[in-house]
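K.L.:
fold the following, please.
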Amino acid sequence: MAAARHPAFYAQWNVPDTLDGRFDMITLHMFLVLDRLKGKAEAFRQALVDEFFRDMDRSLREMGVGDLGVGKRVRKMAEVLYGRIAAYDKAMTGPDDTLMQVIARNVFADQPEAMGAAHLATYMREQRAYLAGQEADAIARGHLRFKELAP
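P.N.:
Purely as a prediction, here's the structure:
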């Protein structure tokens, strides 16, 4: 969550500083962690997803969403999360412009020029490589580090 809140995403790369924009950044980082642990630490991967949805449930309730609306919204969030994970997974194996298009469509949907898409595509590829150098068991024990953003 902390990595998804880095001010550079919003101030420098023009990610919308909205609930949707922040959700998009959390989703992007969830993808990176789940991708790194693919085929490993399955129990931790599931626990991470479960905690993600518990946190989304709590957040919605704190924002005043009633009991009847929470379930519906969490289901929609699940659809979005799994859709983005599938799209990022496919795009990461393709050329850079494919990943940029996926990011533009998902993160910058309301911005025709999506100026930050190239930065986020580079960021995702760099983070993926950085996470690959970390042991899956260490990540599952909570020792996850994202590469620092350059100022």
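
K.L.:
low-scoring stretches of this protein, by residue?
P.N.:
151 (pLDDT under 70).

K.L.:
which stretches in it count as helices?
P.N.:
Taking DSSP state H to define them, one finds helices in the chain at 7-11, 19-36, 42-62, 67-92, 96-106, 117-132, 136-140.

K.L.:
figure out which of those is closest to Lys147.
P.N.:
Closest approach to Lys147 among those (CB to CB): helix 117-132, 4.1 Å. Where C-beta positions appear, they are placed from N, C-alpha and C, glycine not excepted.

K.L.:
tell me how many other residues crowd the nearest residue to Val80 once chain neighbours are set aside.
P.N.:
Leaving aside its sequence neighbours, Val80 sits nearest to Thr27 (CB to CB, 6 or more residues apart in numbering; 7.0 Å). For Thr27, the neighbour count with other CB atoms under 10 Å is 22.

K.L.:
just Phe108 next, same as before
P.N.:
22.

K.L.:
need the contact list for the residue nearest to Val80.
P.N.:
Val80, Leu81, Arg84, Ile85 (CB atoms under 8 Å, 6 or more residues apart in numbering).

K.L.:
where does the residue nearest to the second one when sequence neighbours are not counted sit relative to Gly64, distance-wise?
P.N.:
Distances taken as CB to CB, 6+ apart place Thr27 nearest to Leu81, at 5.5 Å, with adjacent residues excluded. Using CB to CB, to the nearest Å, one obtains 23 Å as the distance from Thr27 to Gly64.

K.L.:
same check on Ala114?
P.N.:
32 Å.

K.L.:
of these two, who's got more company?
P.N.:
Ala114 (19 against 7).

K.L.:
for Glu135, see how far away the residue nearest to Leu81 is.
P.N.:
Using CB to CB, Thr27 is found at 24 Å from Glu135.

K.L.:
what does Phe31 give?
P.N.:
19 Å.

K.L.:
state the distance from Arg45 to Val107.
P.N.:
Taken as CB to CB, the span from Arg45 to Val107 is 23 Å.

K.L.:
ok, now Leu28?
P.N.:
Leu28 is 7 Å from Val107, by CB to CB.

K.L.:
now Met77
P.N.:
Per CB to CB, Met77 is found 15 Å from Val107.

K.L.:
okay, those two: which has more neighbours?
P.N.:
More crowded of Met77 and Val107, by other CB under 10 Å: Val107, with 26 against 19.
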